[in-house]
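Q: sharing a model that was predicted from the sequence below.
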Amino acid sequence: MTRKDYVLIADTIAQFSRDIAIDSDSEYLTDRARAIRDGERDALVTLTQRLADQLRQDNPSFDRKRFIDACQLDAERLA
């Protein structure tokens with residue numbers, strides 16, 4: 001894979017993360033909707049971690065931290 005591919009993947013994850021955040025801003029969310037949103041966020045964090053690990057295995061020069069930062073997710077949850 002190329003840097004361009006990594007950027008495309010990170011941008012896609014970042015957009016999804018922003019979509020989840022926008023949905024979270026509603027004060028009218030039901031408990032069920034909040035649970036679904038939280039599940040989406042947790043799944044996205046797990047997916048990003050696993051994907052970063054696989055990309056690192058595929059390319060020793062891959063910068064895992066830089067990729068995760070580009071995904072615009074909560075860094076503490078991705079340690």
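A: That came through, no problem.
Q: tell me which helix or strand the residue of the chain most remote from its centre sits in.
A: Centroid-distance maximum for the chain: Y28 at 24.7 Å, with Cα atoms, centre = their mean. Following DSSP states H and E, one finds Y28 outside all helices and strands.
Q: try the one 10 residues further on
A: Assigned by DSSP H and E, D38 belongs to helix 31-58.
Q: can you give me the buried ones in the next helix or strand after that helix?
A: Next helix or strand after helix 31-58 toward the C-terminus (DSSP H and E): helix 64-70. By neighbour count on 16 or more other Cβ atoms under 10 Å, the buried set for helix 64-70 is 67-68, 70. No exception for glycine: its C-beta is placed from N, CA and C like everyone else's.
Q: how about those in a markdown table, adding pLDDT and distance to D19?
A: Below are the buried residues of helix 64-70 laid out as a markdown table (pLDDT from 0 to 100; distance: Cβ to Cβ, whole Å):
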| residue | pLDDT | distance to D19 |
| --- | --- | --- |
| F67 | 95 | 19 |
| I68 | 93 | 18 |
| A70 | 94 | 16 |
